[in-house]
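J.: Turn this into a structure:
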Amino acid sequence: MPICALSTAVAARREGDIVGKWSINGLLGSVLVLASASVMQAAELQVIAGGGIAGALNEIATLFERASGHKLVIRYGTTPELIKMATSGVPFDLGVVPQDVWTDAAARAQVAPGPTPDVARVGIGVAVRTGAPKPGIRTAEALKQTLLKAQSVASIPASATGAQLAGIYERLGITDEMKAKTKAQLAPKQIVEAVANGDAELAVFGLNVLVDPRLDIVGPFPAEVQREVVYAVGIAATSKEPEAAKAFVAYLMSPPAIAVIKAKGMNPG
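T.: Below you'll find the model as predicted:
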């Protein structure tokens, strides 16, 4: 294992917020996994992943590539797109996707038997263009009124976050109103662009996506209506690189990866 990767893992282990969660045995385990990965033949892993975790996953992938010598090719998509990727016969080695993908029977059938561990989770929030007035969202009623008063809302209805939002809108009794004013985007970065350019008044999506200098985050949804999107990892039953895939899954649970997940505005596990 490269010295720089070991130094990174040890440094992350010393951080106060990780010490309470990781034991010495756990840290040594992740180091040994990478040490094993570094001596096996370099592999190219085909990965499918949810767009909402792209910021964290891209950085984690780079760290893993440096530590292991393997290469990751990642294709991002919304929940329906990911289900199609998993079930269309296109080869993939593992998926880091919203739980909704693995609850689809056809998609889950493509994954090797066993658990699909949770990797990261994130709640939903609201953002406005930098410098714009911040509306009230501290209570469910305040959030409801803010959404009803907004001229337009940028989001991705077809995503896992969109599915959670649909449930929240139903609970608030504003489903029809939100359908009329939601400006559907194709990818998370387009949500930011839409609000930054003035094409939409509010951005409503996972809080990690809303972290951008062109936006001001109003805050998370109030606790009484908040829902999280959880990303889980599964190894394809037909993976041609199962050992390398297992090494990456282990790395996703390691202190360096957890540090990146936190830095990108998500919670691990």
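J.: Run through the stretch 1-150 of the chain and note the low-pLDDT ranges.
T.: Applying pLDDT under 70 to the stretch 1-150 of the chain flags the ranges 1-40.
J.: Please repeat the previous calculation with a cut-off of 90.
T.: Applying pLDDT under 90 to the stretch 1-150 of the chain flags the ranges 1-41, 89-90.
J.: Show me the strands in it, by range?
T.: With strands called from DSSP state E, counting those that start in this stretch, the stretch 1-150 of the chain shows them at 44-50, 71-77, 94-98, 118-129.
J.: In JSON lines: these, plus distance to residue 216 and mean neighbour count.
T.: Yep, even glycine has a C-beta here, placed from its N, CA and C like the rest. Shown next, in JSON lines, are the strands of the stretch 1-150 of the chain (distance: least, CB to CB, whole Å; neighbours: other CB atoms under 10 Å):
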{"stretch": "strand 44-50", "distance to residue 216": "25", "mean neighbour count": "23"}
{"stretch": "strand 71-77", "distance to residue 216": "26", "mean neighbour count": "17"}
{"stretch": "strand 94-98", "distance to residue 216": "26", "mean neighbour count": "28"}
{"stretch": "strand 118-129", "distance to residue 216": "5", "mean neighbour count": "22"}
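J.: Kindly reformat those strands as a markdown table and extend each row with distance to residue 191.
T.: Output for the strands of the stretch 1-150 of the chain, formatted as a markdown table (distance: least, CB to CB, whole Å):
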| stretch | distance to residue 191 |
| --- | --- |
| strand 44-50 | 14 |
| strand 71-77 | 14 |
| strand 94-98 | 16 |
| strand 118-129 | 9 |
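J.: got the contact list for residue 221?
T.: Contacts here follow CB atoms under 8 Å, 6 or more residues apart in numbering; on that basis residue 221 touches 123, 124, 125, 126, 137, 143, 168, 227.
J.: What of residue 139?
T.: 222, 224.
J.: Let me know the distance separating it from residue 236.
T.: 44 Å (CB to CB, to the nearest Å).
J.: Check residue 129 too.
T.: According to CB to CB, residue 129 stands 41 Å off from residue 236.
J.: Repeat that for residue 145.
T.: Taking CB to CB, one finds residue 145 at 46 Å from residue 236.
J.: Which one's more surrounded, the two?
T.: Legend: neighbour count by other CB atoms under 10 Å for residue 145 and residue 236, higher for residue 236 (21 against 16).
J.: Ramachandran angles for the more buried one?
T.: Reported as degrees, to the nearest 10, the phi and psi values for residue 236 are phi -60, psi 140.
J.: Number the residues from 149 up from this point.
T.: Happy to do that; since the first residue is 149 now, the last one works out to residue 384.
J.: in terms of contact, does it touch residue 243 like I think?
T.: Yes - with contact defined as CB atoms under 8 Å, residue 384 counts as touching residue 243 (7.3 Å).
J.: Which residues are in contact with each of those two?
T.: 234, 259.
J.: the helices in the stretch 149-298 of the chain, which residues?
T.: With DSSP state H, counting those that start in this stretch, the ranges of helices along the stretch 149-298 of the chain come out as 151-162, 164-167, 172-187, 202-216, 227-235, 247-251, 253-256, 288-297.
J.: Could I get the contacting residues of residue 344?
T.: Counting by CB under 8 Å, 6+ apart, residue 344 has contacts 277, 278, 360, 362, 363.
J.: cutoff 10 Å now
T.: 275, 277, 278, 302, 351, 360, 361, 362, 363 (CB atoms under 10 Å, 6 or more residues apart in numbering).
J.: What is the distance between stretch 274-289 and the centre of its chain?
T.: Offset of stretch 274-289 from its chain centre (CA atoms, centre = their mean, to the nearest Å): 23 Å.
J.: Just the CA atoms of it, as CSV, please.
T.: What follows is the C-alpha trace of stretch 274-289 in CSV, where atoms were taken according to Å, rounded to 0.1, in the frame of the first residue of the first chain:
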residue,chain,number,x,y,z
VAL,A,274,-34.0,25.0,0.4
ALA,A,275,-31.7,27.5,-1.2
VAL,A,276,-32.1,30.8,-3.0
ARG,A,277,-29.8,32.8,-5.3
THR,A,278,-27.0,34.5,-3.4
GLY,A,279,-28.2,37.7,-1.9
ALA,A,280,-31.9,37.0,-2.3
PRO,A,281,-34.2,37.3,0.8
LYS,A,282,-34.4,34.0,2.7
PRO,A,283,-38.0,32.9,3.3
GLY,A,284,-39.1,31.2,6.5
ILE,A,285,-39.1,27.4,6.7
ARG,A,286,-38.6,26.7,10.4
THR,A,287,-42.0,25.0,10.8
ALA,A,288,-44.0,22.8,8.5
GLU,A,289,-46.6,25.5,8.1
